[in-house]
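Visitor: Starting from these lines, generate the structure:
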Amino acid sequence: QVQLVESGGGLVQAGGSLRLSCAASGRSFSSYAMGWFRQAPGKEREFAAAINKSGANTYYANSVKGRFTISRDNAENMVYLQMNSLKAEDTAVYYCAADSAYAPVRARDYDYWGQGTQVTVSS
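Guide: Numbering: from 1, shown residues only. Alright, predicted model coming up:
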């Protein structure tokens, strides 16, 4: 069992940056691949980024590639999402998720979820 708590969301102007954090508690954080998803009002939850268990491999949605960076610190049980050059269309609730197998891009493949943190980008 893994518990996930996101933080770092807020209001930022277009072109600005935010760093989201996800703190994991429970056993064997390094046994889980981690992902960030987002959900805008009236839309389905969508994949943003994922990282494998060791942190050696990362994956990004085309919409965020080159602007967002996912990273993890297995010693601190943390995963991060650095978001640069933010756009109004990045406005959403951002969720951290954990998967015991690999680093999938489908939300339904993840085992555990945090409660989300709101990111609002003003244009």
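Visitor: so how many other residues sit close to residue 87?
Guide: One way to gauge burial is a neighbour count; for residue 87, by other C-beta atoms under 10 Å, it gives 14. In this view, the C-beta of every residue, glycine as well, is placed from N, C-alpha and C.
Visitor: surely it meets residue 119?
Guide: No: taking contact to mean C-beta atoms under 8 Å, the distance of 11.0 Å between residue 87 and residue 119 leaves them out of contact.
Visitor: quick one, what contacts the nearest residue to residue 26 once chain neighbours are set aside?
Guide: Across the structure, with C-beta to C-beta, 6 or more residues apart in numbering as the measure, the residue nearest residue 26 apart from its sequence neighbours is residue 2 (4.2 Å). If a contact means C-beta atoms under 8 Å, 6 or more residues apart in numbering, then residue 2 has 24, 25, 26, 27, 29, 32, 98, 111, 112 as its contacts.
Visitor: Just the pLDDT for the fifth one.
Guide: What it means is residue 29. What the model reports for residue 29 is a pLDDT of 93.
Visitor: do you know how far it is from residue 23?
Guide: Relative to residue 23, residue 29 is positioned 10 Å away (C-beta to C-beta, to the nearest Å).
Visitor: out of these two, which sits in the busier spot?
Guide: When residue 29 and residue 23 are compared for neighbours, residue 29 comes out ahead with 22 against 16, by other C-beta under 10 Å.
Visitor: Verify the contact between the more buried one and residue 74 for me.
Guide: Yes: taking contact to mean C-beta under 8 Å, the distance of 6.0 Å between residue 29 and residue 74 places them in contact.
Visitor: ranges for the strands of this protein?
Guide: In chain order, the chain shows strands spanning 2-7, 10-13, 18-26, 33-39, 46-51, 58-60, 68-73, 78-83, 92-99, 112-113, 117-122, with DSSP state E as the criterion.
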